[in-house]
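Chemist: Just a sequence and a predicted model for now, questions to come.
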Amino acid sequence: GIFVHLVQDIQKTHGFDAERWRSKGLLDKTCFFRVYPDAALYAATRSPPLIRMCGFSRVCQDAVADFNMILPEQWSSEAQKRDRRHELNQSLWRCNKVLNWNGEEPVPLIENPRQWEDGEKVRTSYGIGVIKGFDP
């Protein structure tokens, strides 16, 4: 298989031409991924698998650990951190379905940080409210 880590729009990827790749049968053999757990998911679900379930789980766990090691000042904005957390959690959710199906322990998702404390007043598009609790 061919693994391509997408760090920009696929159309801007050097050497990528969808029609040419399709005519050569490369699209069927290629895994385009944005986060490493998606690449591991592809590898673990091939027939025959390219990695074992324990290796697949380890890639997912390491992705969470790597995300948590990024220092606050390394993010360009809170929005970027939120978007990357959401993207990684979506991938982990897909991976956890396969891990569960194979009798493996799921990898915990990255929790959202708490922004407001209980009892704090907030203004929303629906009006003013009071925080009663938090479900990460």
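Modeler: Done, it's in.

Chemist: Just read off the phi/psi values of the most centrally placed residue in the chain.
Modeler: Centroid-nearest residue in the chain: residue 88, 2.1 Å away (criterion: Cα atoms, centre = their mean). The phi and psi values for residue 88, taken as degrees, to the nearest 10, are phi -70, psi -40.

Chemist: which residue packs closest to it, ignoring adjacent ones?
Modeler: With Cβ to Cβ, 6 or more residues apart in numbering as the criterion, residue 88 has its nearest non-adjacent residue at 5.3 Å, and that residue is residue 35. All C-beta spots, glycine's among them, are computed from the backbone N, C-alpha and C.

Chemist: Helices along the chain, start to end?
Modeler: Taking DSSP state H to define them, one finds helices in the chain at 18-23, 36-44, 53-69, 78-101.

Chemist: out of those, which comes closest to residue 5?
Modeler: Across the helices of the chain, residue 5 has its closest neighbour in helix 36-44 (7.5 Å, Cβ to Cβ).

Chemist: what's next to the closest one, contact-wise?
Modeler: Contacting residues not belonging to helix 36-44 are listed as 1, 3, 5, 31, 33, 49-53, 55-56, 59-60, 62-63, 88, 91-92, 94-95, 98 [Cβ atoms under 8 Å, 6 or more residues apart in numbering].

Chemist: picking up where we left off before, ranking the helices of the chain by mean pLDDT, which is last?
Modeler: Of all these, helix 18-23 carries the lowest average pLDDT, namely a mean of 87.

Chemist: picking up where we left off before, now the helices of the chain as a markdown table including distance to residue 111?
Modeler: Conversion of the helices of the chain to a markdown table gives the following (distance: least, Cβ to Cβ, whole Å):
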| stretch | distance to residue 111 |
| --- | --- |
| helix 18-23 | 38 |
| helix 36-44 | 17 |
| helix 53-69 | 10 |
| helix 78-101 | 9 |
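
Chemist: ranking those by burial, who's on top?
Modeler: Highest mean neighbour count of the helices of the chain: helix 36-44, a mean of 22 (counted as mean count of other Cβ atoms under 10 Å).

Chemist: what separates residue 64 from residue 20, distance-wise?
Modeler: In this view, residue 64 and residue 20 are 37 Å apart by Cβ to Cβ, to the nearest Å.
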